[in-house]
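[1] Predicted model follows, preceded by the sequence.
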2 protein chains.
Amino acid sequence: MDQRISLVTLGVADLDRSIAFYRAIGWEPHPRSVAGEIAFYQAGGLVFALWSRVSLAEDSGVADGGGWGGITLAHNVLSPDDVDAILAAAGAAGARIARTGAPTEWGGYSGVFIDLDGHPWEVAINPGWPIADDGSILLP
Amino acid sequence: MDQRISLVTLGVADLDRSIAFYRAIGWEPHPRSVAGEIAFYQAGGLVFALWSRVSLAEDSGVADGGGWGGITLAHNVLSPDDVDAILAAAGAAGARIARTGAPTEWGGYSGVFIDLDGHPWEVAINPGWPIADDGSILLP
(Lines give C-alpha, C1' and ligand atoms only; values in the text may rest on other atoms or scores of the structure.)
Protein backbone atom coordinates (compact mmCIF):
# COMPACT_ATOMS: atom_id res chain seq x y z
CA MET A 1 0.00 0.00 0.00
CA ASP A 2 1.49 3.32 -1.03
CA GLN A 3 1.51 6.10 1.55
CA ARG A 4 -1.34 8.16 0.26
CA ILE A 5 -4.97 8.99 0.83
CA SER A 6 -7.13 9.26 -2.29
CA LEU A 7 -10.43 10.31 -0.78
CA VAL A 8 -11.69 11.64 2.55
CA THR A 9 -15.45 11.31 2.93
CA LEU A 10 -17.41 13.07 5.64
CA GLY A 11 -20.81 11.71 6.57
CA VAL A 12 -23.46 14.42 6.81
CA ALA A 13 -27.07 14.60 7.90
CA ASP A 14 -28.26 17.09 5.29
CA LEU A 15 -26.20 17.28 2.10
CA ASP A 16 -27.55 20.60 0.84
CA ARG A 17 -27.00 22.21 4.22
CA SER A 18 -23.41 20.95 4.31
CA ILE A 19 -22.70 22.05 0.74
CA ALA A 20 -23.93 25.51 1.70
CA PHE A 21 -21.70 25.53 4.78
CA TYR A 22 -18.58 24.53 2.88
CA ARG A 23 -19.44 26.97 0.08
CA ALA A 24 -19.66 29.75 2.67
CA ILE A 25 -16.07 29.08 3.71
CA GLY A 26 -14.77 28.82 0.15
CA TRP A 27 -15.27 25.24 -1.06
CA GLU A 28 -17.00 24.66 -4.39
CA PRO A 29 -18.24 21.19 -5.41
CA HIS A 30 -16.79 19.64 -8.54
CA PRO A 31 -19.13 19.28 -11.54
CA ARG A 32 -18.90 15.49 -11.19
CA SER A 33 -20.82 15.68 -7.93
CA VAL A 34 -24.23 14.00 -8.05
CA ALA A 35 -26.94 16.48 -7.09
CA GLY A 36 -28.81 15.38 -4.01
CA GLU A 37 -26.51 12.40 -3.46
CA ILE A 38 -22.87 13.22 -3.05
CA ALA A 39 -20.60 16.24 -3.34
CA PHE A 40 -16.99 15.88 -4.50
CA TYR A 41 -14.31 18.53 -4.07
CA GLN A 42 -10.86 18.61 -5.63
CA ALA A 43 -8.61 19.20 -2.62
CA GLY A 44 -5.01 19.28 -3.77
CA GLY A 45 -4.13 15.79 -4.90
CA LEU A 46 -7.03 14.11 -3.20
CA VAL A 47 -10.79 14.21 -3.29
CA PHE A 48 -12.90 15.41 -0.39
CA ALA A 49 -16.53 14.25 -0.36
CA LEU A 50 -19.75 14.84 1.53
CA TRP A 51 -22.20 11.94 1.61
CA SER A 52 -25.07 10.68 3.72
CA ARG A 53 -23.65 9.52 7.03
CA VAL A 54 -26.11 6.61 7.08
CA SER A 55 -24.96 5.47 3.64
CA LEU A 56 -21.30 5.97 4.54
CA ALA A 57 -21.62 3.84 7.68
CA GLU A 58 -23.32 1.09 5.72
CA ASP A 59 -20.76 1.23 2.91
CA SER A 60 -17.89 1.23 5.40
CA GLY A 61 -19.19 -1.77 7.30
CA VAL A 62 -19.29 0.02 10.64
CA ALA A 63 -21.88 0.74 13.32
CA ASP A 64 -22.48 4.44 13.87
CA GLY A 65 -22.73 5.39 17.50
CA GLY A 66 -23.05 9.07 16.56
CA GLY A 67 -20.63 11.76 17.64
CA TRP A 68 -16.93 12.03 17.00
CA GLY A 69 -14.94 8.98 15.99
CA GLY A 70 -11.28 9.75 16.43
CA ILE A 71 -10.35 11.59 13.24
CA THR A 72 -9.50 15.28 12.98
CA LEU A 73 -8.62 17.18 9.79
CA ALA A 74 -6.28 20.15 9.70
CA HIS A 75 -5.82 23.01 7.29
CA ASN A 76 -2.51 24.84 7.48
CA VAL A 77 -2.05 28.47 6.54
CA LEU A 78 0.72 31.04 6.73
CA SER A 79 -0.41 33.72 9.16
CA PRO A 80 -2.41 34.15 12.38
CA ASP A 81 -4.71 36.47 10.45
CA ASP A 82 -5.52 33.61 8.08
CA VAL A 83 -6.34 31.33 11.01
CA ASP A 84 -8.58 33.94 12.59
CA ALA A 85 -10.30 34.81 9.29
CA ILE A 86 -11.14 31.18 8.52
CA LEU A 87 -12.44 30.57 12.04
CA ALA A 88 -14.55 33.72 11.76
CA ALA A 89 -15.98 32.63 8.41
CA ALA A 90 -16.74 29.15 9.74
CA GLY A 91 -18.40 30.56 12.83
CA ALA A 92 -20.50 32.93 10.73
CA ALA A 93 -21.59 29.95 8.62
CA GLY A 94 -22.79 28.05 11.69
CA ALA A 95 -19.74 26.15 12.90
CA ARG A 96 -18.96 25.84 16.57
CA ILE A 97 -15.61 27.38 17.46
CA ALA A 98 -14.13 24.78 19.78
CA ARG A 99 -10.87 26.67 20.24
CA THR A 100 -10.23 30.25 19.21
CA GLY A 101 -6.94 31.07 17.48
CA ALA A 102 -4.05 31.14 19.96
CA PRO A 103 -0.36 30.28 20.15
CA THR A 104 0.36 26.57 20.58
CA GLU A 105 2.95 24.89 22.77
CA TRP A 106 4.73 23.63 19.62
CA GLY A 107 5.44 27.16 18.43
CA GLY A 108 2.54 27.55 16.06
CA TYR A 109 -0.84 29.22 16.18
CA SER A 110 -4.13 27.41 15.78
CA GLY A 111 -7.81 27.14 16.48
CA VAL A 112 -10.53 24.60 15.81
CA PHE A 113 -13.97 24.82 14.26
CA ILE A 114 -16.53 22.01 14.32
CA ASP A 115 -18.61 21.74 11.18
CA LEU A 116 -22.38 21.29 11.16
CA ASP A 117 -22.03 17.51 11.50
CA GLY A 118 -19.52 17.51 14.32
CA HIS A 119 -16.37 17.08 12.22
CA PRO A 120 -13.48 19.11 13.67
CA TRP A 121 -11.02 21.10 11.56
CA GLU A 122 -7.92 22.52 13.13
CA VAL A 123 -6.79 25.66 11.31
CA ALA A 124 -3.11 26.15 12.00
CA ILE A 125 0.20 27.72 11.31
CA ASN A 126 3.03 25.26 11.79
CA PRO A 127 6.31 27.11 11.34
CA GLY A 128 8.17 23.80 10.95
CA TRP A 129 6.04 22.61 8.04
CA PRO A 130 6.53 24.64 4.86
CA ILE A 131 3.58 25.00 2.50
CA ALA A 132 4.44 24.60 -1.18
CA ASP A 133 3.01 26.88 -3.87
CA ASP A 134 0.37 24.25 -4.67
CA GLY A 135 -0.66 24.03 -1.01
CA SER A 136 1.11 20.73 -0.35
CA ILE A 137 2.79 20.09 2.96
CA LEU A 138 6.16 18.37 2.53
CA LEU A 139 7.79 17.38 5.79
CA PRO A 140 11.36 18.69 5.86
CA MET B 1 -10.19 28.83 2.98
CA ASP B 2 -8.46 27.05 0.14
CA GLN B 3 -9.80 23.64 -0.88
CA ARG B 4 -7.18 21.47 0.69
CA ILE B 5 -6.47 19.24 3.66
CA SER B 6 -3.02 19.58 5.23
CA LEU B 7 -3.18 16.88 7.86
CA VAL B 8 -5.39 13.90 8.69
CA THR B 9 -4.90 12.66 12.25
CA LEU B 10 -6.21 9.33 13.46
CA GLY B 11 -6.67 8.85 17.19
CA VAL B 12 -5.24 5.55 18.41
CA ALA B 13 -5.24 3.63 21.68
CA ASP B 14 -1.70 2.28 21.47
CA LEU B 15 0.72 4.23 19.28
CA ASP B 16 3.37 1.52 18.96
CA ARG B 17 0.78 -1.07 18.04
CA SER B 18 -0.67 1.23 15.38
CA ILE B 19 2.75 2.12 13.97
CA ALA B 20 3.44 -1.62 13.66
CA PHE B 21 0.11 -2.17 11.90
CA TYR B 22 0.69 0.60 9.37
CA ARG B 23 4.29 -0.53 8.86
CA ALA B 24 3.02 -4.03 8.07
CA ILE B 25 0.94 -2.63 5.23
CA GLY B 26 3.71 -0.42 3.87
CA TRP B 27 3.64 2.89 5.76
CA GLU B 28 6.86 4.18 7.30
CA PRO B 29 6.86 7.05 9.83
CA HIS B 30 8.74 10.21 8.93
CA PRO B 31 11.89 10.96 10.96
CA ARG B 32 10.17 14.03 12.40
CA SER B 33 7.79 11.78 14.31
CA VAL B 34 8.16 12.00 18.08
CA ALA B 35 8.87 8.56 19.53
CA GLY B 36 6.17 7.49 21.94
CA GLU B 37 4.06 10.55 21.21
CA ILE B 38 3.05 11.00 17.59
CA ALA B 39 3.82 9.43 14.24
CA PHE B 40 3.81 11.52 11.06
CA TYR B 41 3.71 10.10 7.54
CA GLN B 42 4.26 11.93 4.29
CA ALA B 43 1.21 10.95 2.26
CA GLY B 44 1.34 12.66 -1.11
CA GLY B 45 0.90 16.38 -0.52
CA LEU B 46 -0.49 15.97 2.97
CA VAL B 47 0.57 14.61 6.30
CA PHE B 48 -1.07 11.60 7.92
CA ALA B 49 -0.61 11.25 11.67
CA LEU B 50 -1.28 8.80 14.47
CA TRP B 51 -1.78 10.29 17.94
CA SER B 52 -3.40 9.40 21.23
CA ARG B 53 -7.15 9.44 20.72
CA VAL B 54 -7.63 10.96 24.19
CA SER B 55 -5.21 13.79 23.35
CA LEU B 56 -6.77 14.30 19.92
CA ALA B 57 -10.27 14.60 21.39
CA GLU B 58 -9.08 17.14 23.94
CA ASP B 59 -7.13 19.11 21.35
CA SER B 60 -10.11 19.07 18.97
CA GLY B 61 -12.57 20.28 21.59
CA VAL B 62 -14.90 17.33 21.18
CA ALA B 63 -16.39 14.65 23.42
CA ASP B 64 -15.41 11.13 22.41
CA GLY B 65 -18.27 8.68 22.55
CA GLY B 66 -16.05 5.95 21.15
CA GLY B 67 -16.66 4.11 17.92
CA TRP B 68 -16.91 5.48 14.41
CA GLY B 69 -17.59 9.15 13.84
CA GLY B 70 -18.65 9.62 10.26
CA ILE B 71 -15.34 9.81 8.38
CA THR B 72 -14.01 7.17 6.01
CA LEU B 73 -10.70 7.29 4.14
CA ALA B 74 -10.13 5.69 0.75
CA HIS B 75 -7.05 4.52 -1.08
CA ASN B 76 -7.42 4.12 -4.84
CA VAL B 77 -5.39 1.68 -6.89
CA LEU B 78 -5.35 0.46 -10.47
CA SER B 79 -6.30 -3.23 -10.41
CA PRO B 80 -8.53 -5.67 -8.53
CA ASP B 81 -5.38 -7.60 -7.62
CA ASP B 82 -4.04 -4.49 -5.86
CA VAL B 83 -7.30 -4.16 -3.91
CA ASP B 84 -7.22 -7.80 -2.87
CA ALA B 85 -3.52 -7.72 -1.96
CA ILE B 86 -3.90 -4.67 0.28
CA LEU B 87 -6.95 -6.15 2.00
CA ALA B 88 -5.05 -9.41 2.53
CA ALA B 89 -2.06 -7.57 4.00
CA ALA B 90 -4.30 -5.53 6.29
CA GLY B 91 -6.16 -8.61 7.41
CA ALA B 92 -2.90 -10.43 8.13
CA ALA B 93 -1.79 -7.42 10.21
CA GLY B 94 -4.92 -7.63 12.34
CA ALA B 95 -7.46 -5.45 10.54
CA ARG B 96 -11.07 -6.51 10.27
CA ILE B 97 -12.16 -6.98 6.67
CA ALA B 98 -15.55 -5.28 6.64
CA ARG B 99 -16.12 -5.87 2.94
CA THR B 100 -14.08 -8.18 0.73
CA GLY B 101 -13.08 -6.95 -2.72
CA ALA B 102 -16.01 -7.02 -5.14
CA PRO B 103 -17.40 -5.07 -8.08
CA THR B 104 -19.30 -1.93 -7.10
CA GLU B 105 -22.52 -0.56 -8.51
CA TRP B 106 -20.60 2.46 -9.85
CA GLY B 107 -18.44 0.32 -12.11
CA GLY B 108 -15.43 -0.03 -9.85
CA TYR B 109 -14.09 -2.67 -7.52
CA SER B 110 -13.56 -2.17 -3.82
CA GLY B 111 -13.36 -3.57 -0.34
CA VAL B 112 -12.97 -2.14 3.16
CA PHE B 113 -10.64 -2.88 6.02
CA ILE B 114 -11.03 -1.50 9.54
CA ASP B 115 -7.76 -0.68 11.28
CA LEU B 116 -6.96 -1.64 14.87
CA ASP B 117 -8.72 1.47 16.20
CA GLY B 118 -11.89 1.15 14.16
CA HIS B 119 -10.95 3.54 11.34
CA PRO B 120 -12.26 2.27 7.99
CA TRP B 121 -10.26 2.42 4.76
CA GLU B 122 -11.96 1.68 1.49
CA VAL B 123 -9.48 0.27 -1.03
CA ALA B 124 -10.86 0.87 -4.49
CA ILE B 125 -10.52 1.05 -8.21
CA ASN B 126 -12.54 3.90 -9.64
CA PRO B 127 -12.31 3.73 -13.43
CA GLY B 128 -13.59 7.30 -13.73
CA TRP B 129 -10.87 8.77 -11.52
CA PRO B 130 -7.42 8.64 -13.10
CA ILE B 131 -4.41 8.31 -10.79
CA ALA B 132 -1.46 10.54 -11.70
CA ASP B 133 2.13 9.29 -11.60
CA ASP B 134 2.58 10.86 -8.17
CA GLY B 135 -0.54 9.11 -6.84
CA SER B 136 -2.76 12.18 -6.96
CA ILE B 137 -6.38 11.88 -7.93
CA LEU B 138 -7.46 14.69 -10.25
CA LEU B 139 -11.17 14.70 -11.03
CA PRO B 140 -11.65 14.83 -14.80
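    Received, thanks.

[2] mind listing what whichever residue of chain A sits closest to chain B touches?
    The nearest approach of chain A to chain B comes at A:Gly69, 2.1 Å away (C-beta to the nearest C-beta). The way it works is simple: take the backbone N, C-alpha and C, and place the C-beta from them, glycine included. When contacts are counted by C-beta atoms under 8 Å, 6 or more residues apart in numbering or on different chains, A:Gly69 touches B:67-71, B:118-119.

[3] now with 6 Å?
    Residues in contact with A:Gly69 (C-beta atoms under 6 Å, 6 or more residues apart in numbering or on different chains) are B:68-69.

[4] Check which residues of stretch A:22-35 are buried.
    Residues A:22, A:25, A:27, A:29-30, A:33 are the ones in stretch A:22-35 that count as buried (16 or more other C-beta atoms under 10 Å in any protein chain shown).

[5] filter the residues you listed by proximity to chain B?
    Applying C-beta under 6 Å from any C-beta of the partner chain, the subset of the buried residues of stretch A:22-35 adjacent to chain B comprises A:25, A:27, A:30.

[6] returning to what we had before: would TSV of the buried residues of stretch A:22-35 with distance to A:Val54 and pLDDT be doable?
    Listed next are the buried residues of stretch A:22-35 as TSV, based on distance: C-beta to C-beta, whole Å; pLDDT from 0 to 100:
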residue	distance to A:Val54	pLDDT
A:Tyr22	20	98
A:Ile25	25	98
A:Trp27	22	98
A:Pro29	20	98
A:His30	23	98
A:Ser33	19	95
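
[7] Mind checking which of those residues land in helices?
    When those are checked against helices using DSSP state H, the ones located there are A:Tyr22.

[8] In JSON lines: the buried residues of stretch A:22-35, plus distance to A:Val12.
    Listed next are the buried residues of stretch A:22-35 as JSON lines, based on distance: C-beta to C-beta, whole Å:
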{"residue": "A:Tyr22", "distance to A:Val12": "10"}
{"residue": "A:Ile25", "distance to A:Val12": "15"}
{"residue": "A:Trp27", "distance to A:Val12": "13"}
{"residue": "A:Pro29", "distance to A:Val12": "13"}
{"residue": "A:His30", "distance to A:Val12": "16"}
{"residue": "A:Ser33", "distance to A:Val12": "13"}
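
[9] Which single one of the buried residues of stretch A:22-35 is nearest to B:Leu78?
    Taking C-beta to C-beta as the measure, B:Leu78 lies nearest A:His30 of the buried residues of stretch A:22-35, at 21.4 Å.

[10] per the record, what domains does chain A have?
    The domain map for chain A lists A:1-61, A:72-132, with the assignment taken from automatic domain parsing.

[11] Can you give the distance from the first one to the centre of its chain?
    Counting by C-alpha atoms, centre = their mean, to the nearest Å, domain A:1-61 is centred 10 Å from the centre of its parent chain.

[12] go on, the last one?
    Per C-alpha atoms, centre = their mean, the displacement of domain A:72-132 from the mean C-alpha position of its chain is 10 Å.

[13] That one near chain B anywhere?
    Yes - using C-beta under 6 Å from any C-beta, domain A:72-132 comes into contact with chain B via A:72-76, A:86, A:98-99, A:112, A:120.

[14] Could you list which of these belong to strands?
    In strands, judged by DSSP state E, the following of the residues of domain A:72-132 next to chain B are found: A:72-76, A:98-99, A:112, A:120.
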